[in-house]
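Chemist: need a 3D model of the sequence below.
(one chain, ligands or ions: 1)
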Amino acid sequence: MFIVPEHEISGLITAADCVAVVEQVFAAMARGSATNFPVIREAIGHADALYGFKSGFDRENLALGVKAGGFWPQNMARGLPNHQSSIFLFNADTGQLRAVVGGNLLTALRTAAASSVSIKHLARPDARVIGMIGAGHQSTFQLRAALDQRPFEKVLGWNIDLRDLHRLAAIAAEKGLPFEAVDLDRMGAEAEVIITVTSSFAPILQAAQVRPGTHLACMGTDTKGKQEVEAALLARATVFTDEVAQSTSIGEAQHAIRQGLIRADQITEIGAVLNGAHPGRTAADQITLFDGTGVALQDLAVASAVVERAVARGIAIEVTF
Ligand code: NAD
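Modeler: Okay, here's the model as predicted:
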């Protein structure tokens, strides 16, 4: 078996590579040939930690495995990232452990790839202003990957704590783009693409603040109870997701479903757009909303790509197990 340590990941895969890999696995999910298994997430009653497993199997690429890890809120004080995860890949023919891969950077990259894929396929081609709601760890990855998808000319940012907006301003500056901190009315009035990536448990952006034609990628809601946009916005929008089962239970759509504003059969897996089974955006004034909940198959797909490259370059550590 092989070990690919966390510190090697950044040299093995780029944001653009992750977009291609995530597109492939979303398409496989929509074809019914890749399946995510039920997610386990538990408060362990120690160190305030949330610990869990996300697992799945992609029959097209024989990617079988599990991401284990979670959230340790006291890690920051120890100089460690709060989110900690490792990805385990198994030989689909024999069940033998094939690889252990550092999962921290890969989680950030595969999550950024998901919103980037949604912008690529659902945003208006003429979108030039992007708005970011949230300025935490994940926001910089989301923004950097999004900026590759359209020739954006301006970045707008909103965060509950204005002091964190420097992170977004730095990414905009890196790309030579102007950055402006705005209120939510201006964000909705000016941005043609909006990414939400907060850990909020109450709606931040209201339906009336969003103008026709906007594409939203809602990435922060990955747990029961979290919410970033008013549920009525999902009724106004054409809703897409990575996986319908997660969208309606732990994703942004959970609230609109519970309130009877939309039905599960009105939510489309983005893989269907990639496969040509769904037209995606059909009008310039349509609001499209991608509910990105984060699925195991994304983790397994990027980890498989990393192992392949690490082995080819002689970086993977081989262990007899
Ligand atoms: P972080 O803790 O670094 O940042 C959290 C962000 O949310 C900050 O901008 C913070 O100011 C903001 N925030 C916190 N409480 C808020 C509130 N009550 N109202 C408005 N904003 C608030 O976390 P992160 O690593 O950037 O992750 C952000 C979110 O994305 C988390 O909810 C995380 O679970 C989720 N996430 C989703 C996926 C996925 O695949 N969909 C993957 C990774 C992370």
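Chemist: the helix or strand hosting residue 271 vs the ligand: in contact?
Modeler: Per DSSP states H and E, residue 271 falls inside helix 270-274. No. Helix 270-274 is not in contact with the ligand by C-beta under 6 Å from any ligand atom; minimum separation 13.0 Å. (C-beta placed from N, C-alpha, C; glycine too.)
Chemist: need the contact partners of the helix or strand following that helix.
Modeler: Per DSSP H and E, the first helix or strand lying C-terminal to helix 270-274 is strand 288-291. Applying C-beta atoms under 8 Å, 6 or more residues apart in numbering, the set of residues contacting strand 288-291 from outside is 114-115, 118, 122-123, 214-218, 221, 229, 233-234, 237-242, 247, 251-253, 267, 270, 280-281.
Chemist: can you list the strands that the host helix or strand of residue 56 pairs with?
Modeler: Take DSSP H and E as the rule and residue 56 turns out to sit in strand 50-58. Strand 50-58 pairs in its sheet with strand 34-36 (antiparallel), strand 40-43 (antiparallel), strand 63-71 (antiparallel), by DSSP bridges.
Chemist: among those, which is nearest residue 133?
Modeler: strand 63-71 (20.6 Å; C-beta to C-beta).
Chemist: now do the closest one: distance to the chain's middle.
Modeler: 15 Å (C-alpha atoms, centre = their mean, to the nearest Å).
Chemist: which stretch in the strands paired with strand 50-58 has the least confidence?
Modeler: In terms of mean pLDDT, the lowest-scoring of the strands paired with strand 50-58 is strand 40-43 (a mean of 92).
Chemist: does the ligand have contacts with it?
Modeler: No. On the criterion C-beta under 6 Å from any ligand atom, strand 40-43 is out of touch with the ligand, staying 10.7 Å away.
Chemist: quick one: contacts for residue 88?
Modeler: Here residue 88 is in contact with 65, 66, 67, 68, 97, 99, 100, 101 (C-beta under 8 Å, 6+ apart).
Chemist: how about 6 Å then?
Modeler: 65, 66, 100 (C-beta atoms under 6 Å, 6 or more residues apart in numbering).
Chemist: let's see if you can find the most crowded of the residues you listed.
Modeler: residue 65 (26 neighbours; other C-beta atoms under 10 Å).
Chemist: so how far is residue 39 from residue 294?
Modeler: 9 Å (C-beta to C-beta, to the nearest Å).
Chemist: nearest to the ligand, of the contacts of residue 88?
Modeler: residue 66 (15.9 Å; C-beta to the nearest ligand atom).
Chemist: in the sheet, who's paired with the closest one?
Modeler: Beta-bridge partners of residue 66, as defined by DSSP bridges: residue 55, residue 88.
Chemist: cool, and the one 5 residues further on?
Modeler: Taking DSSP bridges, one finds residue 50, residue 83 as the beta-bridge partners of residue 71.
Chemist: just confirm it contacts residue 52, I think it does.
Modeler: No. Residue 71 is beyond contact range of residue 52, at 9.2 Å (criterion: C-beta atoms under 6 Å).
Chemist: the more surrounded of those two?
Modeler: Taking neighbours as other C-beta under 10 Å, residue 71 and residue 52 compare with residue 71 leading, 19 against 16.
Chemist: name all residues that make contact with that one.
Modeler: Residue 71 touches 50, 82, 83, counting by C-beta under 6 Å, 6+ apart.
Chemist: where does residue 158 fall, phi/psi-wise?
Modeler: phi -130, psi 140 (degrees, to the nearest 10).
Chemist: what residues are up against it?
Modeler: 133, 184, 187 are the contacts of residue 158 under C-beta under 6 Å, 6+ apart.
Chemist: quick one: the strands in the stretch 201-321 of the chain?
Modeler: For the stretch 201-321 of the chain, the strands defined by DSSP state E, counting those that start in this stretch occupy 201-205, 215-218, 227-229, 238-241, 267-269, 288-291, 317-318.
Chemist: contacts for the shortest one, please.
Modeler: Read it as strand 317-318. 2, 3.
Chemist: that strand: partners in the sheet, and parallel or antiparallel?
Modeler: In the sheet, strand 317-318 lines up against strand 2-4 (antiparallel) (DSSP bridges).
Chemist: average pLDDT for the strand it pairs with, rounded please.
Modeler: On average, strand 2-4 scores 98.
Chemist: please apply the same query to stretch 287-305.
Modeler: For stretch 287-305, mean pLDDT rounds to 98.
Chemist: please see if that stretch touches the ligand.
Modeler: Yes. Using C-beta under 6 Å from any ligand atom, stretch 287-305 comes into contact with the ligand via 292, 293, 294.
Chemist: shouldn't the first one be in contact with residue 220?
Modeler: No. Taking contact to mean C-beta under 6 Å, the distance of 8.9 Å between residue 292 and residue 220 leaves them out of contact.
Chemist: find the nearest non-adjacent residue to the residue of the stretch 201-321 of the chain found nearest the ligand, please.
Modeler: The ligand sits closest to residue 294 of the stretch 201-321 of the chain, with a gap of 2.2 Å, by C-beta to the nearest ligand atom. Nearest residue to residue 294 in three dimensions, chain neighbours excluded: residue 222, at 5.2 Å (C-beta to C-beta, 6 or more residues apart in numbering).
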